[in-house]
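Student: Make a model of this:
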Amino acid sequence: MSQKKRIELLGIGLLLILICLGASMRLIKLDDKEFWHDESFTALVLSGRTTIELKNEISEKPCHFSELTKYRTVNDYSSFSSIINVIGEDEPGHAPLFYFMELLLCSALGTTTFNMRLACALISLVTLPIFYWLALETYQSKFTATLATTFASLSPILIYYAQEARDYSLGILFMTLSSALLLYALRTSMRAAWIGYAISITCGLYSWLLTTVVIAGHILFVGLTQKRSREILLPFSLSVAFSGLLFAPWLAFLSQHTANFKKAYDWIQPALSPGELITVWLAIPYKAFALFGFKTPKLATPLLLITLMEFSSIALAAIPFKNPKYIHLSIIAVWLVVFAGQDLLTGGARSAVFRYQTVIIVGILMLIPTLIETLWKRNRIIKTIAFFALSLVVGIELLSDQYMLNCKIWPDKAIKMRFTLPIAEHLNREPTAYLVTEEQSINPTELLDLSYQTHPDGQLIFRSEAKPQPVPQDAQILYLWNPSAQLITDLRTRYDITDDVDKFPYLKRAIRK
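Tutor: The predicted structure is shown next:
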């Protein structure tokens with residue numbers, strides 16, 4: 001065996017160890033973090049009940065947090081049909097396949113935070129060998145495919161979604177699988193491959209609507225790089241058309257809930273200035289390798305180097321023209337037009353939404369080995385630079401993973417009203433206290449987040465606009481969650497109110513005079 005072959009095998013061995021490490025991280029501390037607002041929506045969908053039903057019940061009279069259990073567990077109301085109904089009412093931007101899978105798992109094992117997240121972790125584990133296959137189809141090199149899989153295995157964004165009870169991990173799986181099947185079908189022209197491709201994009205659409213961006217990228221890729229021959233265009237067109245036909249019923253369903261769709265996504269409509277948008281876009285590349293807590297000046301230089309490496313990799317991927325890497329370049333280009341272009345021209349903050357950036361980040365993960373592969377083919381000095389670049393990327397990923405896994409709350413969720421742990425700590429210390437909330441200040445489903453952290457006997461008052469229930473006369477201690485000025489004015493006659501409890505401006509404490 002030649003020395004070059006031994007070095008390559010040693011490198012693959014080390015990369016496999018890192019892949020196993022990244023895979024294991026998906027299963028570490030699954031139920032350790034706060035079960036946050038979006039995950040509570042998953043639990044609500046599984047319960048078969050809607051936000052309106054929750055609001056109507058808790059606005060009738062003071063209640064205990066234990067009474068919210070039926071809104072976050074699988075029960076007699078839970079079924080495939082009830083899931084579809086709740087999605088239409090509360091989550092019209094999502095698709096049903098993930099929730100069907102969660103329902104089957106939780107029906108068998110129980111509706112716990114661990115089990116709901118376990119489904120996503122297992123999906124993410126299955127994605128890793130698919131990622132390897134896609135990289136192998138892209139680079140035609142086992143070493144480079146292993147390198148790409150290493151980056152994906154350690155990528156904090158993939159570990160993040162592997163531990164969040166949402167449908168994004170399943171969407172990422174079918175994004176990756178459909179691209180791998182398309183490259184395989186184009187290379188082999190096998191009928192089974194085209195059938196598999198059609199099935200994968202159909203499942204992708206029923207998993208996550210962002211799959212439409214991937215399909216558009218595939219259309220651009222085929223149009224740019226493939227010959228206009230019947231052997232290619234016919235099976236590809238039939239696959240896409242077949243998928244669209246199968247997805248048509250869901251599109252018809254969504255058309256009946258357009259008002260709910262607008263209501264559910266009005267939070268991403270505020271426009272960002274061109275300067276703010278550029279800042280958002282420049283931060284996207286390094287998110288593939290570094291998330292959360294890395295805003296200190298000490299890490300500015302490494303993150304800048306990684307960003308430059310990514311831009312270089314994207315540029316190198318375009319050479320030579322019409323190579324397989326164009327499938328990732330095409331998807332990135334479509335995302336830029338659909339999200340970044342739309343925000344720039346018509347206003348909005350769609351491109352700033354973290355989950356929507358996943359498509360472009362997965363593409364970057366797949367292209368970053370291009371630079372290292374190119375450098376490794378040069379002389380010994382350049383190979384040293386390639387090794388340094390590889391070490392830098394892996395090191396930053398490991399630092400980010402360690403930081404994220406040790407957090408008690410998703411670091412980017414520790415903002416304003418969604419920071420429920422401090423509220424739960426106060427309520428648990430003072431079991432006779434009431435938590436007072438208002439419909440105009442919070443979404444009632446945010447109370448489901450809190451119910452995971454708060455003692456079941458904790459007391460809750462939810463004041464809806466239609467039924468602003470009064471505070472009981474015997475209530476001695478109140479905690480006010482983001483109260484309105486009118487509520488504070490009304491309570492000051494009977495209570496001494498402390499502002500900014502624990503320096504959190506949205507939480508106030510009221511004691512009976």
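Student: which residues does Gly13 contact?
Tutor: Counting by C-beta atoms under 8 Å, 6 or more residues apart in numbering, Gly13 touches no other residue. (Glycine included, C-beta is placed from N, CA and C.)
Student: quick check, it in a helix?
Tutor: Yes. Per DSSP: H, G, I helix; E, B strand; the rest coil, Gly13 lies within a helix segment.
Student: Now that we're looking at it, what pLDDT does it have?
Tutor: Per-residue confidence at Gly13 stands at 88 (pLDDT).
Student: now what about stretch 218-233, what contacts it?
Tutor: So stretch 218-233 is contacted by 178-179, 182, 186, 189, 201, 236, 240, 322-323, 326-327, 329-331, 333-334 (C-beta under 8 Å, 6+ apart).
Student: what does stretch 18-36 give?
Tutor: Contacts for stretch 18-36 (C-beta under 8 Å, 6+ apart): 43, 112-114, 117-118, 121, 124-125, 128, 146, 149-150, 152-155, 159, 162-163, 165, 394, 401, 405, 407-410, 413, 418, 420-421, 449, 452-453.
Student: need the helices for the stretch 351-500 of the chain, in chain order.
Tutor: For the stretch 351-500 of the chain, the helices defined by DSSP state H, counting those that start in this stretch cover 358-367, 369-376, 380-405, 421-429, 446-453, 485-491.
Student: Can you name every helix or strand that the fourth one contacts?
Tutor: Contacts defined by 3 or more C-beta pairs under 8 Å, 6 or more residues apart in numbering; DSSP states H and E place helix 421-429 against helix 446-453, strand 477-481, strand 507-512.
Student: Quick one: distance of that helix to the chain centre.
Tutor: Mean-position distance between helix 421-429 and its chain equals 27 Å (C-alpha atoms, centre = their mean, to the nearest Å).
Student: and the angle for that helix with helix 446-453?
Tutor: Orientation check (axes from the mean of the first three to the mean of the last three C-alpha atoms, to 10 degrees): helix 421-429 against helix 446-453 gives 60 degrees.
Student: how close does Tyr356 get to Phe339?
Tutor: Separation of Tyr356 from Phe339 (C-beta to C-beta, to the nearest Å): 6 Å.
Student: Between these two, tell me which one has more neighbours.
Tutor: Taking other C-beta atoms under 10 Å, Tyr356 and Phe339 do not tie; Phe339 has more neighbours (23 against 18).
Student: Touching, the more buried one and Ala352? I think so.
Tutor: No. Applying C-beta atoms under 8 Å as the test, Phe339 and Ala352 come out as separate, 9.0 Å apart.
Student: so Leu44 touches Glu446, yeah?
Tutor: No. Assessed by C-beta under 8 Å, Leu44 is found out of contact with Glu446, at 11.2 Å.
Student: Compare those two (neighbour count), which wins?
Tutor: Neighbours per residue (other C-beta under 10 Å) separate Leu44 from Glu446, with Leu44 holding more: 23 against 19.
Student: and the more buried one, what pLDDT?
Tutor: Reported pLDDT for Leu44: 95.
Student: if I pick it, what's in contact with it?
Tutor: 50-51, 54, 71-72, 86, 90, 445, 448 are the contacts of Leu44 under C-beta under 8 Å, 6+ apart.
Student: where does the stretch 201-350 of the chain dip in pLDDT?
Tutor: 261-271, 292-297 (pLDDT under 70).
Student: Try it again at 80.
Tutor: Applying pLDDT under 80 to the stretch 201-350 of the chain flags residues 258-275, 291-300, 346-349.
Student: Surely Leu272 forms part of a strand?
Tutor: No. Looking at Leu272 with three-state DSSP, it is coil, so not inside a strand.
Student: Quickly list what's touching both of Tyr356 and Phe339.
Tutor: Arg350.
Student: The stretch 201-350 of the chain: helices as residue ranges?
Tutor: Going by DSSP H, counting those that start in this stretch, the stretch 201-350 of the chain shows helices at 211-225, 230-255, 258-264, 274-283, 300-317, 326-335, 342-346.
Student: helices and strands around the shortest one, which ones?
Tutor: In terms of contact count using 3+ C-beta pairs under 8 Å, 6+ apart, helix 342-346 is assigned the packing partners helix 274-283.
Student: in the helix it packs on, what's buried?
Tutor: 277, 280-281 (16 or more other C-beta atoms under 10 Å).
Student: ok, and what's touching it?
Tutor: 272, 307, 340, 343-344, 351-352.
Student: TSV please, covering these and showing distance to Arg463 and neighbour count.
Tutor: Converted to TSV, those look like this (distance: C-beta to C-beta, whole Å; neighbours: other C-beta atoms under 10 Å):
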residue	distance to Arg463	neighbour count
Leu272	33	18
Thr307	47	18
Ala340	41	19
Asp343	36	22
Leu344	41	17
Ser351	36	23
Ala352	32	21
